[in-house]
Every structure is written in C-alpha cells, then in structure tokens.
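[1] Return atomic coordinates for the entry below.
(chains A and B)
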Amino acid sequence: MATNKPKWIRKDLLGLGDLSREEIELILDTAYSFKEISTRQIKKVPALRGKMVVNLFYEPSTRTRVSFEVAAKRLSADVINVAVETSSVKKGETLADTGRNIQALKADIIVVRHNCSGAALMLARHLDISVVNAGDGWHEHPTQALLDIFTLKEKMGKISGLNVVIVGDIAHSRVARSNIWGLTKLGANVVVCAPPVLIPAAIEQMGVRISHNIEEALENADAVNVLRMQFERDELGAFPKQMEYFRNFGITKERLGKAKRDIIVMHPGPLNRGIEMSSEVADGANSVILEQVTNGIAVRMAVLFLVAQGREKSR
Amino acid sequence: MILIKNGRVVDPVNDTDKEQDVLLDDGKIFKLAKNIKEKADQVIDARGKIVMPGIVDMHVHLREPGREDKETVRSATKAGLKGGVTSILAMPNTQPAIDTVGNIKLLKAIIKKSAQANVFISGAITVGRLGRELTSISDLKKEGILAITDDGSSVDEEELLLKALTEAKENKVLTICHCEDKALSHNGVVNLGFTSTILGLRGISNESEYKRVERDIKIAEKAGASIHIAHVSCKESVDIIARAKKKGIRVSAETAPHYFSLDETALLGYDTKMKINPPLRNKDDVVAIREGLKSGVIDVIASDHAPHTDSEKDIEFDHAEFGTIGLETELAVSITELISSGLLNWPGLAKKLTYNPSRILGLDKGTLKEGSAADIIIVDPDKEWTLKRQDFISKSKNSVFIGKKLKGRVDYTILKGKIVFKG
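    Model (predicted):
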C-alpha cells in the first residue's frame, strides 16, 4: 500500500490550479491523519520541531493567520508573525527582498498573504525555502478550498459526483477560484451563482455552470459554499446593494426548505449575518461553519508538513 | 564605395525581389544592376542573403531625456542598428515630454551628440501629455517634428482632438493615436477573458481599444486630416480600420511583432515581461492581426520599443510597468512569423517595415532606388537562433521574446553608405 502512495515533491503550495487530483487527495489524506491530534490531551506532535514558520501578511487577517499559527505550533514549529502595512502605492522594500531577508533568518516556510494576484508565486520563484499561499489577490486561497473540500468529504464520504453551489462575489474571490479548481479536479459538479456583475469573464471555461438564480441553483445541490461579500471592492459602484443582495441571493431557511434536506452550508468567514445568510441558517443544522474552522487546522498542518519535505521549485 | 554582390535585392517600392548587385557611393545608392564591374573599396558577398532598405521604426521610446537608466538615444540607436533599424521616430513621452520648442532643442542636441542612427522627432499633442491644452503645433513643426502623439495616453476630449487634427493638417504633420478609453480599460493589467479570470487580474477589454479607434477615425474624417492608429491589437480594430479605408478616410495602422506572434496564454505564470499595453490578446485577435497584415489593412510593423529596468519589472504583477523592448527582435520575429508561414513575401514584409512607415511620415526612405540614401541591411534569412537575455545591447532587457527560436538575422547594417553594424 504505502509504496503506491504518491509522494509530495513541491516545496510550495501556491494554488490548486497547479495540482493534480492525486496531490490534492494526498493533502486531504494527510490532513485526515492529523485531525486526531487536535483531540488529544496533549495537542502536539514533533513533526516540525526545530523548523521555523514565518507568517508574512500584507493584508489584515485574523482567522487564516491564527489557523496557520495553531497548525504550525501543533507540529512543534517556531512561529513568527510579520504584518506588513501596505497602501496601494508601492514603496519601501520589495516583496522579493523581504523574502530573501526571511530566508537569511533561516526560516523554513513562509506563509504569505498578499493583495496582489501572483505575489505568492513570485516570492516562491525567488526563494529556496517553502512558500505557502494564504491568499493572493483574487487568484487563489488554496488552504481555504482544501479545508472546504475536506469538510465536505468528511460529511458526504466523497467529492466525485456531488453538486456544489458557490454563491457570492465570484469575480473577486480567490476562495471561489481555488474551490472551483479543487472540486472540478475531484469530479464534483460546480455551479457558480451570482448576479451577472459578480461573474468573471469566461468562467464557464473552468468547467462550471453559471446561474443567476439561487433557488434554481440550490435545487439539486448537495452543498452550498457561501462567499463573504466585500462591498468595499465595488470600485465602479455596480454591486447590488446589501439588502438587495440578501433578498436575491441570501441563504435563508425558506430557500433551504426547497433544497435537499441534508444540504451542507459552508462559509469561509468572517460571516456577515443577514447579508450572505440569515442567522437561522448560520446557526442551523445544515451549517458546518465551525467545523470548517476546526478542520482548517488539520489541513494546514498537512500542508506545512508536506511542503517542508518538498524540494521542487515552482515555475 | 561599397559593392554588394549577388544578393537577393528586395525593394518594396516596386515589389522587386531578384538577384542584383548594389553599388554605394557618397552615402547614396549609386547603381543597381546585375554583374556590376566597377571597382569598389569594399565588396560584400551577399549570395543567399536579403538586401533591403533599413527598417524605419515609427514607434520607439528612447527614454532620454529623463530616464537614462532605462535607455538612452545612444543605446537605443545602437540596439536598432543590430536589429536592422536605421531610422527611428522617437515618442514624446519622455521627462520632460517633448511638448515645447525648448524641449525639442534639448532632444535634438542629444541626438546630434549621441545618435547612431537616424532619429526623427514627434511632439506631444497636449501640454505635458495631460490631455488639457494643445501644444503649439505650428512651432513644433518648425523645429522639425514629423508627427504629434500623446502615446501612452489617448486624448479623452473629442473637441480637443478635433482641434489637434485640424492643426496637424494645416501644418502637415501626422497625428498618431494611442487608442485606449481609460474609463473602460480602468486599472486593467491583462486581456479581459479566461486568462484574466483564472489569474485573478483586472482585465482590459477589446472595447477599450476599438471604441477609441472608431471615435478617433471619425474625428479625423471630420477634420479631413490623416490619422495613424498605433499598436493595433484586436480584431474589431482591424475591421473598423478596414471599413474606414474602404470609405476613403486617410487612416493608416500599425501593429507590433508581439501582437502577431503571442497571445494571452503567455501570461499564465504571471511573467511580467508579458505585461504590455494594449495587452496580448486572445488567439482570434492574433489571427485577425495577421490577416490584417496580409490584406494591407495594417500598413506598418513597428516595435513599440518600451524599455524598463529589472526593478520596474521584477515585482508584483499589478505594480510592474507595461511594455517590451523590440528594436533588436522586430525583424527576426517578423521573418519567423510572417515569411516562414508564407503570410507575406519579402517585398511585402519590407513594405511594412520600411517603405510604408517612411511614406506615412513623409520621408524618402524605405527604397533602394538609385540616388536614395544608402540605408541598407543585409539579412541572412535562414539563420536560426534562440534569443537569450544576454544577447541584448539595449540598456533594458525586458523582452517578451527571450527564449524564442527565431529565424533570420542581420549580417550588415549600412547607414548613409557606411557599415555601422556587422553581425
């Protein structure tokens, strides 16, 4: 058995778009074996003892940063948090130089969050140490998608053949893109649901179906992943207004009533109650929002553990 | 006296492509015939080589004055000679912009001191290229500008562009339009479509270009002035220009080698060298540009040589500068993409690179007629090579073509009868 297992060779995890189905499954399987650690009396294993993980965050983030920190600590790594103030104007040290400095401090893994798409790849190309993408612009947020998929698989026993709806601001969402890559590679049927203004160009070429009607989208769905609406991204002033959005796309008890009884409701957080979904739904029986948070630790432990062994550079 | 023996002489003016000898004397083409017997100081055996006019590149950013760290008049013109370019039209978006008589005088002094090839000057349409008030076009003309352009920006105000075109017509200068509606292209960085979607980058639509092409041609028609559309990148622009030409409007059009050789998939991997404005488009647009070259809708191939330093390119994609260098590669890329595929024959290609831009700018270059200036290149059409970063003599190395297998290379560049580059 063990000899047939695919081996992890990448030094970085930058996105699910680059990964094979086997690589995604390897991460999920590894996460599954790590999940039990968090239930122990002593929640710690020495897998990354003596290694240093640097959380390099150019965007404010609490949950992802904390989740990575917990994951690293459960693996006995040392963790340094670096929060960098940025404005839209470039100034000061370049990202590559910051990375080189962290490498010179003999860190082993950089977990990077950046507002520019492609920033994690750029950093990875410049460095010999591992880079884990904790979200780059609108591009990818692979560990979020992995924990979403892990949670879904835990609930449903499989991914292949499931009908999954992703609802919300698809255009500006790195969570959506990573989920689409991951889910389609694992054989799920994905529907993206949003008003036209929030659907990006040619997204159907990613192998998804587009819907502008949430009731219709939910009809045969096994799960719905509800994205956070970030109205501050509305540069043009073209987004639907908050209440308009809730009326047309909000996940409510009534809407779920017409869907499959055991439909799974996910949300990457932080949740805007009453905008993306009603409180009833968020706290209801179909919601797995807090389990996602717990699973995030196992998934990130798996990712840190795997990339620490990988040597192959990203191109 | 230089005698070029047995070369395939390509003259776009009369569509000739035949084995002939060329005798140069006193900086001019003295004689063109088979088996020239005259004794020359130097004889070049050009058997199997193409002998054609030097390239007239009507879209070059010299960066001097102001950004000599990117490029200078000297480095760009040297790079040009290596690539077969003997004449350059300098774009006015320097620091300061070429928008006053004084600034033209400054640029002319630099050119006089350091240019290694013919450099012609274009002036800004508006002061500081800000799109607010016209420059003194008649004064700039007296200083010798061939064209006006706010390249890098479009003139948003229609009334102002109409006045500019009217002035340009009166003063017999060409108006070159960079067609981009920034209200549509917004803060885009790559072509709008599947590529922008999976990369999570802001897209630039075809509309942002072709709506401006349509508008600018209409204004030129109203003014009765001639207009030249710079760096055409998309299908709809080609269609609009074709219709305007059919209608008899005096419009000419240019594209750059990257628009007929690369599509948006080159951006996958966030290679900032591929970040160009207008952006590399989709495959259908590339086909349309090639068809436009073949049909003659697109008159000119120019490099849009846009040098940037490594520190301006090797950063986050959103922050990296737009543009690629091109002086050293435009001929080889054109041969590789257009001659080898049979899309154009040699006189056809030479026309796009030499005679057409010369004619559009009102110059007498781009021909090998007896008596014309001996700006000549001798090209090995079969030489195969792979472009490497260290090959460039340009100060900047930001080329979209690094790593590309190319066919055709310049053996000799001759400027005013003197050998100025030998490959």
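[2] tell me, how many neighbours does the closest residue to A:R174 other than its chain neighbours end up with?
    Spatial nearest neighbour of A:R174, excluding adjacent residues (Cβ to Cβ, 6 or more residues apart in numbering or on different chains): A:H141 at 4.2 Å. For the C-beta atoms, the positions are set from N, CA and C on the backbone; glycine is no exception. If you count neighbours by other Cβ atoms under 10 Å in any protein chain shown, A:H141 ends up with 26.
[3] Ok, B:K405 next?
    Neighbours of B:K405 using other Cβ under 10 Å come to 11.
[4] For the stretch 151-300 of chain A, which segments are assigned as helices?
    Taking DSSP state H, counting those that start in this stretch as the test, the helices found in the stretch 151-300 of chain A are A:174-185, A:214-218, A:242-249, A:253-257, A:279-282, A:289-307.
[5] Please apply the same query to the stretch 1-150 of chain B.
    Using DSSP H, counting those that start in this stretch, helices in the stretch 1-150 of chain B cover B:73-83, B:101-114, B:137-142.
[6] got JSON lines for these, with mean pLDDT too?
    Below are those laid out as JSON lines (pLDDT from 0 to 100):
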{"stretch": "helix B:73-83", "mean pLDDT": "98"}
{"stretch": "helix B:101-114", "mean pLDDT": "98"}
{"stretch": "helix B:137-142", "mean pLDDT": "98"}
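[7] So for B:A373, which of those helices sits nearest?
    helix B:73-83 (14.9 Å; Cβ to Cβ).
[8] and of the helices of the stretch 1-150 of chain B, who's closest to chain A?
    Distance to chain A, taken as Cβ to the nearest Cβ, is lowest for helix B:73-83 among the helices of the stretch 1-150 of chain B, at 25.0 Å.
[9] Report the angle between that closest one and helix B:101-114.
    60 degrees (axes from the mean of the first three to the mean of the last three Cα atoms, to 10 degrees).
[10] Need the CA coordinates for helix B:73-83. PDB is fine.
    What follows is helix B:73-83, C-alpha atoms only, in PDB (Å, rounded to 0.1, in the frame of the first residue of the first chain):
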ATOM      1  CA  VAL B  73      19.500  57.800 -27.500                       C
ATOM      2  CA  ARG B  74      22.900  56.200 -27.900                       C
ATOM      3  CA  SER B  75      21.900  52.700 -26.500                       C
ATOM      4  CA  ALA B  76      18.600  52.600 -28.400                       C
ATOM      5  CA  THR B  77      20.100  53.600 -31.700                       C
ATOM      6  CA  LYS B  78      22.900  51.000 -31.300                       C
ATOM      7  CA  ALA B  79      20.400  48.400 -30.400                       C
ATOM      8  CA  GLY B  80      18.400  49.400 -33.500                       C
ATOM      9  CA  LEU B  81      21.400  49.000 -35.800                       C
ATOM     10  CA  LYS B  82      21.900  45.500 -34.500                       C
ATOM     11  CA  GLY B  83      18.200  44.800 -35.300                       C
END
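[11] Surely A:L48 touches A:V307?
    No - with contact defined as Cβ atoms under 8 Å, A:L48 does not reach A:V307; the gap is 10.4 Å.
[12] So B:Q390 versus B:D299, what's the distance?
    34 Å (Cβ to Cβ, to the nearest Å).
[13] Quick check: which ranges of the stretch 1-150 of chain A have low pLDDT?
    Regions of the stretch 1-150 of chain A meeting the criterion pLDDT under 70 cover residues A:1-6, A:86-91.
[14] show me where it has strands.
    Along the stretch 1-150 of chain A, counting by DSSP state E, counting those that start in this stretch, strands occupy A:52-57, A:78-83, A:109-114, A:130-136.
[15] interface residues of the stretch 51-200 of chain A facing chain B?
    A:90, A:94-96, A:114, A:116-119, A:121-122, A:136-140, A:174, A:177, A:200 (Cβ under 8 Å from any Cβ of the partner chain).
[16] List buried residues within those residues.
    Neighbour-count burial (16 or more other Cβ atoms under 10 Å in any protein chain shown) is assigned, among these, to A:94-96, A:114, A:116-119, A:121-122, A:136-140, A:174, A:177, A:200.
[17] Okay, and which of those map to helices?
    A:95-96, A:119, A:121-122, A:174, A:177 (DSSP state H).
[18] biggest separation within the residues you listed, which pair?
    A:A96 and A:R177 (24.0 Å).
[19] circling back: in JSON lines, list the strands of the stretch 1-150 of chain A along with distance to A:Y32.
    Shown next, in JSON lines, are these (distance: least, Cβ to Cβ, whole Å):
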{"stretch": "strand A:52-57", "distance to A:Y32": "22"}
{"stretch": "strand A:78-83", "distance to A:Y32": "23"}
{"stretch": "strand A:109-114", "distance to A:Y32": "21"}
{"stretch": "strand A:130-136", "distance to A:Y32": "19"}
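[20] These: which one's closest to B:K34?
    The nearest among the strands of the stretch 1-150 of chain A, by Cβ to Cβ, is strand A:130-136 at 64.5 Å.
[21] in the stretch 301-423 of chain B, what residue is nearest chain A?
    Residue nearest to chain A within the stretch 301-423 of chain B (Cβ to the nearest Cβ): B:E316, separated by 3.9 Å.
[22] Give me the pLDDT for that residue.
    Reported pLDDT at B:E316 in the predicted model: 95.
[23] dump the residue contacts of it.
    A:90, A:95, A:114, A:116, A:118-119, A:122 (Cβ atoms under 8 Å, 6 or more residues apart in numbering or on different chains).
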